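1. Any chance you could fold what I've pasted below:
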Amino acid sequence: MDKKKSKAFSREAEIVKTSFVGIGANVLLAGFKAVIGLISGSVAIVMDAVNNLSDALSSVITIVGMKLAGKPADKKHPFGYGRIEYLSTMIIAGIVLAAGISSFIESVKKIITPEDASFTLVSVVIIAVAVIVKLLLGAYFKHKGKQVNSDSLIASGKDASFDAIISAATLVSAIVMMLWEISVDGWLGALISVVIVKSGVEMLIEALNRILGTREEGDFTKELKAKISAFDGVRGAYDLVLHNYGPENRIGSVHIEIDDTMSAGEIHALCRSIQKRILAEYGVFLTVGIYAVNTSDSEMGRMLRSISAAVMAHDGVLQIHGLYVEPETLLIHFDIVMDFKVDDPLRLRNDIAAEIKQQYPGYEVDISIDRDYSD
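-> Next up, the predicted model:
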């Protein structure tokens, strides 16, 4: 078994094991709370029990999603099935939303037509134990989620921690009823419902963002580009674009600037070295493109610096790269990275091109617009 398969197997085993722990803990908590809620007539406790069951079901879906996501790539899906993990999160979000809406309806009924709820010292103690268990379960999920890079486990950990707060609110309701015989049960049930719905919406949005494609974190992309730029012969790394096909499967591309005097063989060796190093250290497969830099003519160097300064003077331009001048064909071409806030990128590009052509008559100017895909 190679290292990549071994790592994938280990990750899957940890996620499955952690999910089974969550299933067991949530089923036990749900049973305790349901019994207490039915005996005491507390809708808040019963709805909290339903929430625990939905958490257990979420762990089941996490396991199924993990198994499906682990299927090997095939001709129809050459990048694998890793994104199924995000689809499973969407299903979990739907279950959470349904539970929250259902509990809200029941809680409103309780507010409109109040029923006396009776609590005992035993029920209060069990709810308190549930709070402690949920806090421990949340910490366990988050720790394991970070360890194996699983967004679903981290989300489950946050959800469990928040459940502890919800259960603490139920505990307050029980104590208030026991001490002052004031029923706040329906109101707390409604509050719990709102929190559950909010959590479901946030989970759904997060999963959708993952599928649509989100910007990679700045620290990671900066580190990646710094690592590439440190290779001998590389003047800079640009246009880093990463595509996520699952938490452990990232594919992307990057452009490097190199001297225009390098041979094809030297360029080939450099690109292969970069690909191997980045794959080994970061688990990212990169396609490496090149930008040539004029280095053989000092006069050309002054021309490049002048063009760069003129371009960067424009508001909305974040970076210029790939600047190369072809004296034989009188062609200047480069890429500019524009801020997403620029209203009319084409007009800005045309304005810059006109300015450069005025500065260097006779030259044609070819500008490509890049977006701020990564820091």
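2. residue contacts, Ala190?
-> 104, 107-108, 111 (C-beta atoms under 8 Å, 6 or more residues apart in numbering). Every C-beta, even on glycine, is put in place using the N, C-alpha and C of the backbone.
3. which secondary structure element contains it?
-> helix 185-212 (DSSP states H and E).
4. And that helix, what's buried?
-> 185-193, 195-197, 199-200, 203-204, 206-207, 210 (16 or more other C-beta atoms under 10 Å).
5. do stretch 352-359 as well
-> So, applying 16+ other C-beta under 10 Å, buried residues of stretch 352-359: 352-353, 355-356.
6. among those, which two are most distant?
-> Using C-beta to C-beta, those span at most 7.3 Å, a distance reached by Ala353 and Glu355.
7. contacting residues for Val64?
-> For Val64, counting by C-beta under 8 Å, 6+ apart, the contacting residues are Ser88.
8. Pretty sure it sits in a helix.
-> Yes. Counting by DSSP: H, G, I helix; E, B strand; the rest coil, Val64 is part of a helix.
9. what are the ranges of the helices in the stretch 101-250 of the chain?
-> 121-148, 151-180, 185-212, 218-229 (DSSP state H, counting those that start in this stretch).
10. most neighbours, which of the contacts of Ala190?
-> Tallying neighbours with other C-beta atoms under 10 Å puts Ser107 at the head of these, with 23 neighbours.
11. The closest residue to Ala128 other than its chain neighbours and Val129: what is the separation?
-> Closest residue in space to Ala128, ignoring its immediate chain neighbours: Leu171 at 6.0 Å, by C-beta to C-beta, 6 or more residues apart in numbering. Using C-beta to C-beta, to the nearest Å, we find Leu171 at a distance of 10 Å from Val129.
12. Would you tell me which helix is longest in this protein?
-> Taking DSSP state H as the criterion, the chain has its longest helix at helix 3-40.
13. nearest to Ser150, of the buried residues of stretch 352-359?
-> Ile352 (44.9 Å).
14. just to revisit the earlier point, quick one: the helix holding Ala190 to chain centroid distance?
-> Averaging C-alpha positions (C-alpha atoms, centre = their mean, to the nearest Å) puts helix 185-212 18 Å from its chain's average.
15. what sits against Phe285?
-> 250-252, 275, 278-279.
16. can you do 6 Å?
-> 251, 279 (C-beta atoms under 6 Å, 6 or more residues apart in numbering).
17. Wasn't it part of a helix?
-> No. Phe285 is assigned strand when assessed by three-state DSSP, not a helix.
18. Now do the helix holding Ala190 and helix 3-40, the angle between them.
-> For helix 185-212 against helix 3-40, the angle by axes from the mean of the first three to the mean of the last three C-alpha atoms, to 10 degrees is 160 degrees.
19. Any chance of a markdown table for the buried residues of stretch 352-359, columns secondary structure and pLDDT?
-> Formatted as a markdown table, the buried residues of stretch 352-359 follow (DSSP: H, G, I helix; E, B strand; the rest coil; pLDDT from 0 to 100):
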| residue | secondary structure | pLDDT |
| --- | --- | --- |
| Ile352 | helix | 94 |
| Ala353 | helix | 93 |
| Glu355 | helix | 93 |
| Ile356 | helix | 93 |
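20. Which one of those residues is nearest to Gly233?
-> Nearest member of these to Gly233, counting by C-beta to C-beta, is Ile356, at 28.2 Å.
21. For the closest residue to the closest one other than its chain neighbours, which three-state class applies?
-> Excluding the flanking residues, the one nearest Ile356 by C-beta to C-beta, 6+ apart is Val365, at 4.8 Å. State at Val365, reduced to three classes by three-state DSSP: strand.
22. Was I right to think Val365 contacts Ile332?
-> Yes. Counting by C-beta atoms under 6 Å, Val365 touches Ile332, with 5.0 Å between them.
23. So which of these two has more stuff around it?
-> Neighbours were counted for Val365 and for Ile332 using other C-beta under 10 Å; Ile332 has more, 22 against 19.
24. Doesn't the more buried one lie inside a strand?
-> Yes. The assignment for Ile332 (three-state DSSP) places it in a strand.
25. Who does it form a beta bridge with?
-> Val325, Val365 (DSSP bridges).
26. check contacts around it.
-> Ile332 makes contact with 325, 363, 365 under the criterion C-beta under 6 Å, 6+ apart.
27. would you turn the residues you listed into TSV with distance to Asp159 and pLDDT?
-> Listed next are these as TSV, based on distance: C-beta to C-beta, whole Å; pLDDT from 0 to 100:
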residue	distance to Asp159	pLDDT
Val325	57	91
Tyr363	60	92
Val365	54	93
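28. looking at the helices of the stretch 101-250 of the chain, which is closest to Ser298?
-> helix 218-229 (23.8 Å).
29. Tell me which residues are up against that closest one.
-> Here helix 218-229 has contacts from 236-237, 240, 274, 374-375, using C-beta under 6 Å, 6+ apart.
30. Tell me which entries of these lie within strands.
-> Of the contacts of helix 218-229, the ones assigned to strands by DSSP state E are 236-237, 240.
31. will you turn these into CSV that also has distance to Trp180, neighbour count and pLDDT?
-> Converted to CSV, these look like this (distance: C-beta to C-beta, whole Å; neighbours: other C-beta atoms under 10 Å; pLDDT from 0 to 100):
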residue, distance to Trp180, neighbour count, pLDDT
Gly236, 69, 16, 91
Ala237, 66, 23, 93
Leu240, 61, 21, 91
